[in-house]
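> Kindly return the folded structure for what I paste below:
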Amino acid sequence: MKGQQEEQLVPPPAYKPTVVAKDTAKDSHAKEKPLGEGRLAVLRQELMVFLGNSGVLGSGMVVSMPAVTLNQLHDETQPFWLNKDESSWFASIQNMACPLGGLLVSYFLDRIGRKHTILLTNLIGLIGWILLVTSFMHSDRDMIYYQMLLGRCFGGIMIGMFVSPVGVYSAEISLPKIRGRLILGTSLGLASGILLMYCLGYFIRHNIQLIFGISCCYQLAATLLVFPMPESPSWLLTRGKEERARKSLRYFRGLPKKEVDYVPEFEAELAHMKELADASNTTAAGESLSQMIHRPEVYKPVLMMTTFFGFQQACGVVVIIVYAVQIAQQAGVTIDPVLVAVMLGVARIITTLFMTGIFEKWGRKPSGIFSATGMGACMLLLAGGNWFPDTLGTLHWLPVACIVTHIVFSTMGMLTLPFS
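Coordinates of the predicted model:
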């Protein structure tokens, strides 16, 4: 719970930074911007969020991996193959491990910080891919299968842990004006990972070990990319590490590493963040866990998000991602079903790029309602092809259109709202 409180240690929307005068020798005619919104500051913030989201891309690959590997694993001509029940466990066991990841991240975010939680999450994902790659080294079939399940469990834990740390990190290092698009990077990273796995499945049709190996190499690269990231200044202040927090905040505000100047706005923002950190520490020390849970600002968001995620799962969003190829086959798609999966990935990324503007123009609630309504209509039309084979069933383009449009509608609200 303490970790959830500290996630709020960011300047509130009412915080309005003042303008710092710049050296007019070079850009006397340039328009002055608030500290933290200058070109260098925004570039640094975007770069560090990109490095953090590189691991989120890896979790997207874990989610969509069954879509491109199940057909290969069902091939009975191969030395190793899975029956229907085994493949069902292989595809779904990650979802059973996700809640464990959610519990772990709430513990580690507070105790080891945002950066090291992201690093730990990447390491867990790396272990999962290593287990999958090395599973075929066994000669015993059962050992191969059980090690693959264990690798999928580690992947599920990674997915559960990646839900919040990068978003929290993005919020704590940025100002309100650019915070929305930085936080949406989590959804974009997840969508990119799904598309990357679909592309691997499209080009590699008969070698799942190669798919596992490429994914493992990517996860290793994503893990290494975390090391250059500075820790969140907000978290450092809660731990009393003011000097490190000062250096971190100077980096994210586009200021030189050496303090050769005195910037009033920087000092004011640092003092404001320290006040929030002290208030959070005081509140956490004076309240028990049961008292925190009974606070409206704690239990109301928890209930709302739990309900929302429940509806998200019931809408079949994750099912289509995990079984995209198989659903396309069952729906009677006449083109390559793996190509349909790639189309789904492209459609999701394109829609995600426009979500910041859509949320700002429509608001969150209308976007969610529109998204859920569109998804329901797409599923009804897809089912109608089987209910009315002589009418809707004759439209061979309808299954592809329904599946792709379903992904577009889901991205417009049900998939992206929790991360925005």
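> And the longest helix along the chain, what's buried?
Using DSSP state H to define each element, the chain has its longest helix at helix 39-73. Across helix 39-73, burial judged by 16 or more other Cβ atoms under 10 Å covers 41-42, 44-46, 48-49, 51-73. From N, CA and C alone the C-beta is placed, and that goes for glycine too.
> pLDDT averaged over it - what is it?
Averaged across helix 39-73, the pLDDT comes to 92.
> same for the next helix-or-strand element following it, what does it pack against?
Toward the C-terminus, helix 39-73 is succeeded by helix 84-111 as the next helix or strand (DSSP states H and E). Helix 84-111 is packed against helix 2-6, helix 39-73, helix 113-134, helix 141-161, helix 165-173, helix 317-322, with contacts defined by 3 or more Cβ pairs under 8 Å, 6 or more residues apart in numbering; DSSP states H and E.
> repeat that for 10 Å
Judged by 3 or more Cβ pairs under 10 Å, 6 or more residues apart in numbering; DSSP states H and E, the packing partners of helix 84-111 are helix 2-6, helix 39-73, helix 113-134, helix 141-161, helix 165-173, helix 233-238, helix 317-322.
> As TSV, these with distance to Y107 would be great.
Shown next, in TSV, are these (distance: least, Cβ to Cβ, whole Å):
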stretch	distance to Y107
helix 2-6	7
helix 39-73	18
helix 113-134	9
helix 141-161	10
helix 165-173	12
helix 233-238	14
helix 317-322	25
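> Compare the ones you listed and give me the one nearest A277.
Of all these, it is helix 233-238 that lies closest to A277, at 3.9 Å by Cβ to Cβ.
> could I get the closest one in CSV with only the CA atoms?
Provided in CSV are the C-alpha atoms of helix 233-238 (Å, rounded to 0.1, in the frame of the first residue of the first chain):
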residue,chain,number,x,y,z
PRO,A,233,13.6,11.6,-8.1
SER,A,234,10.3,11.2,-6.2
TRP,A,235,11.2,7.8,-4.9
LEU,A,236,14.7,8.9,-4.0
LEU,A,237,13.3,11.7,-1.9
THR,A,238,11.1,9.3,0.0
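> Off-centre distance for it?
23 Å (Cα atoms, centre = their mean, to the nearest Å).
> any idea of the mean pLDDT in it?
pLDDT averaged over helix 233-238 gives 93.
> contact partners of the next helix or strand after it?
Proceeding N to C from helix 233-238, the next assigned helix or strand is helix 242-252, under DSSP H and E. Here helix 242-252 makes contact (Cβ atoms under 10 Å, 6 or more residues apart in numbering) with 36, 40-42, 44-45, 48, 115, 172-175, 229-239, 241, 255-259, 263, 266-267, 269-270, 273-274, 277.
> same question, stretch 98-108
Stretch 98-108 is touched from outside by 1-4, 7, 59, 63, 94, 114, 116-118, 120-121, 124, 153-165, 168, 318, with contacts defined as Cβ under 10 Å, 6+ apart.
> at 7 Å what do you get?
With Cβ atoms under 7 Å, 6 or more residues apart in numbering as the test, stretch 98-108 has contacts from 3-4, 117, 120, 156-161, 163-165.
> among the contacts of helix 242-252, which ones are buried?
By neighbour count, with 16+ other Cβ under 10 Å, those hold 36, 41-42, 44-45, 48, 115, 172-175, 229-239, 241, 255, 263, 266, 269-270, 273-274, 277 as buried.
> so how far is F409 from the nearest residue to T411 once chain neighbours are set aside?
Using Cβ to Cβ, 6 or more residues apart in numbering and skipping the chain neighbours, the partner closest in space to T411 is T351 (4.0 Å). Distance, T351 to F409, by Cβ to Cβ, to the nearest Å: 9 Å.
> L109 is in contact with K115, isn't it?
No. Using Cβ atoms under 7 Å, L109 makes no contact with K115, being 10.5 Å away.
> so where's the stretch 251-400 of the chain shaky on pLDDT?
Along the stretch 251-400 of the chain, segments meeting pLDDT under 70 span 284-289, 356, 360.
> can we see that at 90?
For the stretch 251-400 of the chain, applying pLDDT under 90 flags the ranges 254-267, 269, 275-337, 340-341, 343-345, 347-372, 374-376, 378-400.
> Walking through it, point out its helices one by one.
Using DSSP state H, counting those that start in this stretch, the helices of the stretch 251-400 of the chain run over residues 264-286, 289-293, 296-314, 317-322, 324-330, 337-353, 355-362, 364-387, 398-411.
> Compare the helices and strands packed on helix 84-111 and give me the one nearest D336.
helix 39-73 (11.6 Å).
> and the direction of the closest one versus that of helix 141-161, what angle?
Angle, helix 39-73 to helix 141-161, by axes from the mean of the first three to the mean of the last three Cα atoms, to 10 degrees: 150 degrees.
> measure Y323 to M65 for me?
For Y323 relative to M65 (Cβ to Cβ), the value is 11 Å.
> Equivalent analysis for G374, please.
For G374, the distance to M65 - Cβ to Cβ - is 27 Å.
> Need the three-state assignment for the residue nearest the centre of the chain.
Residue closest to the mean C-alpha point of the chain, counted by Cα atoms, centre = their mean, is T186 at 3.9 Å. Secondary structure for T186, judged by DSSP: H, G, I helix; E, B strand; the rest coil, is helix.
> unless I'm mixing things up, it is touching V168, no?
No. The criterion here is Cβ under 7 Å, and T186 misses it with V168 at 10.2 Å.
> so what sits against both of these two?
Counting by Cβ under 7 Å, 6+ apart, T186 and V168 have no common neighbour.
> Figure out how far stretch 147-165 is from the centre of its chain.
In terms of Cα atoms, centre = their mean, the centre of stretch 147-165 is set 13 Å apart from its chain centre.
> Just the buried positions in it, please.
147-165.
> quick one: contacts for the closest residue in space to L398 that isn't next to it in sequence?
Leaving aside its sequence neighbours, L398 sits nearest to G385 (Cβ to Cβ, 6+ apart; 5.7 Å). Counting by Cβ under 7 Å, 6+ apart, G385 makes contact with 332, 392-393, 398-399.
> and with 6 Å instead?
Counting by Cβ atoms under 6 Å, 6 or more residues apart in numbering, G385 touches 392-393, 398.
> gap between F212 and A221?
Counting by Cβ to Cβ, the gap from F212 to A221 is 15 Å.
> which one of these two has more residues nearby?
Counted by other Cβ atoms under 10 Å, F212 and A221 do not tie: F212 has more neighbours, with 23 against 14.
> Verify the stated contact: the more buried one with L132.
Yes. Assessed by Cβ atoms under 6 Å, F212 is found in contact with L132 at 4.5 Å.
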